[in-house]
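Engineer: Here is a sequence with its predicted model. Questions after.
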Amino acid sequence: MEANHSPSDPLRSNPFFQNTLSMLERVGSKVQINPNVLDTLKLPRRIITVSIPVRMDDNSQMIFTGHRVQHNQTLGPFKGGIRFHPQVDVGEVAALASLMTFKNSLLNLPLGGAKGGVSVDPAKLSMSEKERLTRRFTREIGPFIGHDKDIPAPDVGTDSQTMAWMMDTYSLDSGFSQTGVVTGKPIEVGGSKGRDAATGLGVVFTMEKALHVRGISLDKATLAIQGFGKVGMHAAIEADSLGIKVVAVSDVSCGIYNPEGLNVQKVVNYISENRSLKGYPEAAEITNEELLSLKVDVLAPCALESVITSENAADVQANIIVEGANGPLSHEADLILQENNVLVVPDILANGGGVVVSYFEWVQDIVWLFWEEHEVRSKLKQIMTQCFDKVWDFAQKEKSLDLRTAAMSVSLKRLEHAMKLRGQAW
Ligand code: GLU
């Protein structure tokens, strides 16, 4: 029985949070999971909301709101990224925190799940404003994080520089250098080789598997990627290097499409010079919406949540969707795509490469022994492909489940077992 005094109301009014609840219910209706475990996992353990006064460059003050939502720590310290985005609210952060719990459990990491966010448009801040915001936010959540408590990392709108500031602030406050408090740092200050590209690489490792099970060879495959940030760009580079034809990519400004295949390196150079894809010469300009309905073998939404909903799911023509973003499909969209026989590789599997290499970084920081890039890459590939196989086998064994239900089941069964052993469930 769930309590009805409801600290969850501001959460439940968020459609993305609702979506995660619907997903848990769907899994519970198809696979045997202790209902108390399911109820416990519907709500986060702890929500920390802070206000962050920041001195702007013109000496005025702006007050931002930030959250750190600690969802579950049954398997180890809380772990998950920090997002800077205007759309951030506590419901969104709570939904993302729960996905981290499920992702870390599925990947067999000794970590719980958390997420943080500040409601701000980072593109509108100067570098020094961003630094002051990051440092103040770190101070405000400082008592609740630590290498053995809760370990933040980058997410949408944050990067390795943000993590360097967080680590420095936390270290100054504790009186000694604590590199393991965050992951996704620059290599010079305790970061891991291969972390920047890790999420995109993981997306492509699972994509290769999905293409294989659908009988499509890499050199015949076409790919459209929504989002050309940290995830989408590295996914495009890796896919291209395997001979997959990247026909379309997009950013917030527009999409670009060339059915003959884009020259990925030229697109990377173009965006680093122009900060946007607009005006890229060797392709037709399309909208983000058009990109999602292109006739391609693989569609990889690598931007934000809820981009494919009941409104546009029926327009998707791809054979496979690989979720580089967290939560890009609504619950209803997921059901429509299943009906239409689209193979969906769910976020908690497809984009797990980032947190896997975060885990490697955390371990390296604890023992002060750093790995070579090829070691990171091969260990990442091993974890991602084994995880895909585990989910695929579970899906086949259990009367052809969809991969999201299968991935969630594998994840929840590990959590259920650990919760029973710890006496948190009975
Ligand atoms: N933000 C990434 C994610 O959503 C990485 C989290 C981490 O490395 O802790 O998976």
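Structural biologist: Thanks, I have it.
Engineer: now the helices for the stretch 151-300 of the chain?
Structural biologist: 160-174, 195-213, 230-241, 264-274, 288-292 (DSSP state H, counting those that start in this stretch).
Engineer: what angle sits between the first one and helix 230-241?
Structural biologist: Same thing as helix 160-174. For helix 160-174 against helix 230-241, the angle by axes from the mean of the first three to the mean of the last three CA atoms, to 10 degrees is 130 degrees.
Engineer: near the ligand at all, helix 160-174?
Structural biologist: No - judged by CB under 6 Å from any ligand atom, helix 160-174 stays clear of the ligand, getting no closer than 9.8 Å. Bear in mind the C-beta positions are built from the backbone N, C-alpha and C, glycine included.
Engineer: With mean neighbour count and mean pLDDT added, can I get the helices of the stretch 151-300 of the chain in a markdown table?
Structural biologist: Below are the helices of the stretch 151-300 of the chain laid out as a markdown table (neighbours: other CB atoms under 10 Å; pLDDT from 0 to 100):
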| stretch | mean neighbour count | mean pLDDT |
| --- | --- | --- |
| helix 160-174 | 20 | 98 |
| helix 195-213 | 24 | 98 |
| helix 230-241 | 23 | 98 |
| helix 264-274 | 15 | 98 |
| helix 288-292 | 19 | 97 |
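Engineer: Make CSV from these and add distance to residue 316 to it.
Structural biologist: As requested, these are arranged in CSV below (distance: least, CB to CB, whole Å):
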stretch, distance to residue 316
helix 160-174, 34
helix 195-213, 15
helix 230-241, 17
helix 264-274, 23
helix 288-292, 6
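Engineer: Point out the residues in the protein that sit beside the ligand.
Structural biologist: Within the chain, the positions near the ligand by CB under 6 Å from any ligand atom are 79-81, 153, 155, 183-184, 326, 351, 354-355, 358.
Engineer: Backbone dihedrals for residue 67, please?
Structural biologist: Dihedral angles of residue 67 (phi, psi; degrees, to the nearest 10) stand at phi -140, psi 150.
Engineer: I misspoke; the intended subject was residue 81.
Structural biologist: The phi and psi torsions at residue 81 (degrees, to the nearest 10) take the values phi -80, psi 180.
Engineer: and the spatially closest residue to it that is not a sequence neighbour, how far is that from residue 182?
Structural biologist: Nearest residue to residue 81 in three dimensions, chain neighbours excluded: residue 155, at 3.0 Å (CB to CB, 6 or more residues apart in numbering). Look at residue 155 and residue 182: by CB to CB, to the nearest Å, they are 12 Å apart.
Engineer: higher neighbour count, those two?
Structural biologist: Applying other CB atoms under 10 Å to residue 155 and residue 182 shows that residue 182 carries more neighbours, namely 31 against 25.
Engineer: who touches that one in this structure?
Structural biologist: 145, 151-153, 163, 166-167, 170 (CB atoms under 8 Å, 6 or more residues apart in numbering).
Engineer: Tell me which of the residues of the chain next to the ligand fall in strands.
Structural biologist: 79-81, 153 (DSSP state E).
Engineer: Switch those over to a markdown table; also include pLDDT and neighbour count.
Structural biologist: Output for those, formatted as a markdown table (pLDDT from 0 to 100; neighbours: other CB atoms under 10 Å):
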| residue | pLDDT | neighbour count |
| --- | --- | --- |
| 79 | 98 | 30 |
| 80 | 98 | 32 |
| 81 | 98 | 26 |
| 153 | 98 | 28 |
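Engineer: Greatest separation within the residues you listed: which pair is it?
Structural biologist: Spatial extent of those (CB to CB) is set by the pair 79 and 81 at 8.9 Å.
Engineer: Find the residues that touch each one of the two.
Structural biologist: Counting by CB under 8 Å, 6+ apart, the common neighbours of residue 79 and residue 81 are 100, 153.
Engineer: Residue 309: neighbour count?
Structural biologist: Residue 309 has 16 neighbours, counted by other CB under 10 Å.
Engineer: So residue 394 is in contact with residue 409, correct?
Structural biologist: Yes - using CB atoms under 8 Å, residue 394 is in contact with residue 409, at 6.2 Å.
Engineer: Neighbour count for the two, which is higher?
Structural biologist: Shown here are residue 394 and residue 409; by other CB under 10 Å, residue 409 has more neighbours (22 against 18).
Engineer: Now do the SS call for the more buried one.
Structural biologist: helix (DSSP: H, G, I helix; E, B strand; the rest coil).
Engineer: so residue 48 touches residue 67, yeah?
Structural biologist: Yes - the pair residue 48 / residue 67 is scored as a contact, 6.7 Å apart, by CB under 8 Å.
Engineer: Of these two, which one has the most company?
Structural biologist: Per other CB under 10 Å, whichever of residue 48 and residue 67 has more neighbours is residue 67, with 25 against 17.
Engineer: Any idea what the more buried one is bridged to?
Structural biologist: Residue 67 has these beta-bridge partners by DSSP bridges: residue 49, residue 117.
Engineer: Let me see the backbone angles for the residue in the stretch 201-350 of the chain that the ligand sits nearest to.
Structural biologist: Nearest residue of the stretch 201-350 of the chain to the ligand (CB to the nearest ligand atom) works out as residue 326 at 5.3 Å. Backbone geometry at residue 326, expressed as degrees, to the nearest 10, gives phi -90, psi 130.
Engineer: Tell me how many other residues crowd residue 17.
Structural biologist: 26.
Engineer: cool, and the one 3 residues further on?
Structural biologist: Here the count is done by other CB under 10 Å, and residue 20 has 23 residues near it.
Engineer: pLDDT value on residue 7, please?
Structural biologist: On the pLDDT scale, residue 7 is placed at 57.
Engineer: Number the chain from 461, please
Structural biologist: In the new count, where the first residue is 461, that last one comes out as residue 467.
Engineer: that older thread, my guess is the residue of the stretch 661-810 of the chain closest to the ligand meets residue 559, correct?
Structural biologist: Yes - under the criterion of CB under 8 Å, residue 786 makes contact with residue 559 at 5.3 Å.
Engineer: Give the residues shared as contacts by those two.
Structural biologist: Shared contacts of residue 786 and residue 559 (CB under 8 Å, 6+ apart): residue 807.
Engineer: Strands of the stretch 661-810 of the chain, residue ranges please.
Structural biologist: Taking DSSP state E, counting those that start in this stretch as the test, the strands found in the stretch 661-810 of the chain are 682-686, 705-710, 715-717, 744-746, 758-761, 780-782, 803-805.
Engineer: OK, now which residue of the stretch 511-660 of the chain is nearest to the ligand?
Structural biologist: Closest residue of the stretch 511-660 of the chain to the ligand, CB to the nearest ligand atom: residue 541 (2.8 Å).
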